[in-house]
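>>> Structure for this input, please:
(chains A and B, ligands or ions: 2)
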Amino acid sequence: MYDFIKNKIIRGKTPSMFRLPFVYSLGKAMVRCNLLKFSYRSAAMTVEYGMEQIRRIFKGRSPYVWVSAFFPTEFLHALDIVSFSPEVISALITSLGFQNNFLEEAESRWWSRDNCSFHRCAMGGLISNFYPVPAAFCASSHLCEGGVFLFNNLARRYHRPFILLDTPLDNNDNSLLYVTRQLQKIITLLEGVAGTRLRVEKLEEAVFNTEKTRQAMLKVNELRRHPYSPLRSKDAFAYLYLYFTGMGSRVVPGIYETLAAELEKKIKESQNSKGGETSPRYRLLWMHLQPFYQNGIMDYLEANGAELVFEDFSHVYWESWDPGRPLEYIANRMLAHFNYGRIERRIKVIKELARRYNVDGVIHFSHWGCRQSCGSLNIIRNSLQEEGLPFLVLDGDCVDSRNFASGQVQTRIDGFLEMLA
Amino acid sequence: MEQQAVEKAFWERLEEEKNKLLQKKEKLAWICSYTPVEIISACKLHPYRFPGREGTPFSADSYLHSSLCFFARCSLERVLKEAGKGKDVLAGMVLVNSCISMLHFYHALEKLGCLPFVYLLDLPRDNSEQARHYYAANLRGFHQALSKHCGCESNESELWEQIYLFRENRGRLWELYAGRNGEVAIDGDEIMRLVNAFTVLSPEKFSNFFAVYRENILGKRKNNLSGPRLFITGSFVPEGLTGFIRELGGVLVLDDLCIGRRMLQFPPEEPDEADGDPYSYLARLYLGKDPCPRMQQAYEKLEEIEKTLKTYHIDGVIFYYLKFCDPWYYYGQLLKEKLNNIPLLVLEGEHAGITGQMRTRISAFLEMLS
Ligand code: SF4
Ligand code: SF4
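Ligands and ions are numbered 1, 2, ... in the order given. Got it, this is the predicted structure:
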């Protein structure tokens, strides 16, 4: 899809055309009329959802806010505030090939290349007036500390509220109380942004949507356990925008339900086709994000008989809770994230996923500047090795292609696959 | 001349005392200025601010990623090379979850198991009522865990005693910051050395040293210092940086460092044993102190920065940050923009001492200000 947009629509144009709401209306219409092809209907629905959000932002009629990963977006949906995930949009911009415009803009103003390029790209877009200034910057300190500091910085710079959810280290009663009290305060601040009061039934509905999303995601993840692996990581990243901004949305459960139905159908077809589809030689688990510019890693792996059958980002990390008690539901969801806090949580989940998806090895893509995900890799490696799980670290950058050495990456992949053989 | 000899002897004795301390077994190391040292002391351990190890982190890099802050990696390097090996004996270390690098440093220490006790204390990001409540409970948990480790009762009255003791010492040092908006007779480097003594010596030893300092040095200072008046801010500045500035003729009038003024600038609230629990008091104290950029409210003081610098008649600002330190980096970004009328020198370091390039840049900066 990106190739189509890139080659047929964007080539020779400047990013400024993406500031026109009309482009998104057109894009949506093209998706609906099947003029843009996707491997999955659910992926098309995701694009439509994303385009609608972005169209509203550029239209400028609804309040819109920046949200960092895992901020409780249920409040935003309940208050009809449009949420914008700068990290995911940076990924999108990278896949369209525009990231250098923004990276260079940021770097020319002392934004160092030592920091996460998702952020550099996002802020480059904001300081060059590509994005409208949001009504607030909402961050959670879950896993991305750079995001907290960036948002606080931008909020001061643009004189907008900075709304922070400070996520405690451990999941216990004291933490639960701390989070719940913060959520109450966050509601008040967001009511100020929306200019309206939050209605309880709206919040309940949003949380109910999250619960429905959770159940549908579980269904998808269960289907992905099939030996045929109906959804590979490279396709799963297309749903990232939902994961970051869609919790609480009325549309999102339906997208995951559709995906589940599509995977079910694919599995059936694979069983009916002559001899069935062959399963990959090596099944691998992917950790962290992937590079979003042309990089060939996934294709290279596939060409060498290795499939990425699951990625830690798609893990459903929170337990079911009574959606009729929305604040508790959200607070528990916030405290359940596996990538934050003590390293044992992360290791436990990696091991659990490795077992569930019956993988032969794990690959961690170490995005330069992402201190949370790269920080303790050796501890993870040792721990996985104790279980006989090979672990490969690929250094690179998801957005800034200048930090990516494809030859080196291929050599490391070759070595890893040889070891698995 | 005689006075010079007295001063030299004082600083030498202080250094000796600090060196002697390295061999002592009962030290519990800490790093961040949000660490409740009173609790460590109440458990009969000696709170000791861990200095990291200036230089290149070699061994540490196999545990901590090269994109993590140099201070965290250098601290691990020191633990691996020196702690427990007779060069710097430690009873353990308490880390505050102050930034992502510290969190990973904790993971490495815990997994390596090279210290008898390692604790990670979670620190909230602002000074709201709910944050204070949360931190107070964490402080209680820390006291209990440390007492258990030491085989003693977590004794609240002992804790109150330490609260009073530390408060007195902080108050003594805080006096040195008074009146610095006018002429100054003591350079910031000297204050910084005393603050350092406060963070490594036992409270009793420190108050003895301070009494000597007050009588033999402070009371005898007559002449005011001349030279460009400076303000320094940022993360852990390299050892010797402030001394080097003094050598070149700069006068360090004010600092915003967690190894300096921010270690002392606590809310004035008096402790009151009769009225409540010590953990709530400590939570109010630590969360209410002058915040560093790790805290949400830190950016507020930037709004006042030019006014503050004018009040102190500052001629130039030095901002030092460690490579890969996000909190200070993002803060420095705004600081740079806020300072329209005062010259600023930005230094990026790797916790490897003062480099030749830094020396050249500082000299040029001071020359420009002179
Ligand atoms: S890659 Fe890491 S640092 Fe960058 S936005 Fe994501 S979590 Fe934050
Ligand atoms: S900069 Fe702040 S968080 Fe970091 S060590 Fe100093 S006081 Fe602690």
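
>>> Look at the most centrally placed residue in chain B and give its secondary structure.
For chain B, the residue lying nearest the average C-alpha position, counting by C-alpha atoms, centre = their mean, turns out to be B:Ile259 (2.2 Å). Put simply, B:Ile259 is coil when judged by DSSP: H, G, I helix; E, B strand; the rest coil.

>>> so it sits right up against B:Pro238, yeah?
No - counting by C-beta atoms under 8 Å, B:Ile259 does not reach B:Pro238; the two are 11.0 Å apart. In this view, the C-beta of every residue, glycine as well, is placed from N, C-alpha and C.

>>> shared neighbours, those two?
Common contacts of B:Ile259 and B:Pro238, defined by C-beta atoms under 8 Å, 6 or more residues apart in numbering or on different chains, are absent altogether.

>>> distance of the closest residue to chain B within the stretch 301-421 of chain A from B:Met102?
Nearest to chain B, among the residues of the stretch 301-421 of chain A, is A:Gly375, at 3.5 Å (C-beta to the nearest C-beta). According to C-beta to C-beta, to the nearest Å, A:Gly375 and B:Met102 sit 10 Å apart.

>>> Could you report the pLDDT at the residue of the stretch 301-421 of chain A found nearest ligand 1?
Distances between the stretch 301-421 of chain A and ligand 1 by C-beta to the nearest ligand atom are smallest at A:Cys370, namely 3.0 Å. Model confidence at A:Cys370, expressed as pLDDT, equals 94.

>>> and it, how many neighbours does it have?
Close neighbours of A:Cys370, defined as other C-beta atoms under 10 Å in any protein chain shown, add up to 26.

>>> Give me the contact list for stretch B:71-87.
Contacts of stretch B:71-87 from elsewhere in the structure, counted by C-beta under 8 Å, 6+ apart, are B:22-23, B:29, B:31, B:50-55, B:57-61, B:63-64, B:66, B:88-90, B:93, B:101-102, B:104-105, B:108-109, B:112, B:114-115, B:235-236, B:322, B:325, B:351-352.

>>> Please read the previous query as pertaining to stretch A:259-274.
The set of residues external to stretch A:259-274 that reach it, using C-beta under 8 Å, 6+ apart, is A:40-42, A:216, A:219-220, A:223-224, A:226, A:228, A:230-231, A:239, A:276-277.

>>> Toward the C-terminus, what is the element adjacent to the one helix or strand B:Ala211 maps to?
In the assignment (DSSP states H and E), B:Ala211 maps to helix B:203-216. Next in sequence after helix B:203-216, counting helices and strands by DSSP H and E, comes strand B:229-234.

>>> Partner strands of that next one, with direction?
Sheet neighbours of strand B:229-234, with direction, are listed as strand B:251-256 (parallel), strand B:316-322 (parallel) (DSSP bridges).

>>> could I have the next helix or strand along the chain from that strand exported to PDB, CA atoms only?
Counting by DSSP H and E, the element after strand B:229-234 in chain order, helix or strand, is helix B:241-247. Written as PDB, here are the backbone C-alpha positions of helix B:241-247 (Å, rounded to 0.1, in the frame of the first residue of the first chain):
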ATOM      1  CA  LEU B 241      35.700  21.400  36.900                       C
ATOM      2  CA  THR B 242      34.700  24.100  39.500                       C
ATOM      3  CA  GLY B 243      38.300  24.200  40.700                       C
ATOM      4  CA  PHE B 244      39.500  24.700  37.200                       C
ATOM      5  CA  ILE B 245      37.100  27.600  36.700                       C
ATOM      6  CA  ARG B 246      38.400  29.200  39.800                       C
ATOM      7  CA  GLU B 247      42.000  28.800  38.700                       C
END
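
>>> Could you pull up the contacting residues of residue 45?
Picked chain A for this. Contacts here follow C-beta under 8 Å, 6+ apart; on that basis A:Met45 touches A:251, A:254-255, A:258.

>>> Oops, wrong one, chain B.
When the contact criterion is C-beta under 8 Å, 6+ apart, the partners of B:Leu45 are B:26-28, B:91, B:146, B:150.

>>> Surely B:Tyr286 touches B:Tyr34?
Yes - using C-beta under 8 Å as the test, B:Tyr286 is close enough to B:Tyr34 to be in contact (5.3 Å).

>>> At the contact with ligand 1, which residues of chain A appear?
When proximity is defined as C-beta under 6 Å from any ligand atom, chain A approaches ligand 1 at A:87, A:116, A:118-119, A:143-144, A:146-147, A:367, A:370, A:372-373.

>>> give me every residue that touches the residue in the stretch 101-250 of chain B that ligand 2 sits nearest to.
Sorted by distance to ligand 2 under C-beta to the nearest ligand atom, the residues of the stretch 101-250 of chain B start with B:Ser235, at 5.5 Å. By C-beta under 8 Å, 6+ apart, the contact set of B:Ser235 is B:69, B:71, B:258, B:320-322, B:325, B:327-328.

>>> Now render those residues as CSV, adding pLDDT and distance to A:Lys202.
Converted to CSV, the contacts of B:Ser235 look like this (pLDDT from 0 to 100; distance: C-beta to C-beta, whole Å):
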residue, pLDDT, distance to A:Lys202
B:Cys69, 91, 43
B:Phe71, 92, 46
B:Cys258, 90, 44
B:Tyr320, 96, 49
B:Tyr321, 94, 44
B:Leu322, 92, 45
B:Cys325, 93, 41
B:Pro327, 94, 36
B:Trp328, 95, 41
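
>>> Done for today, thanks.
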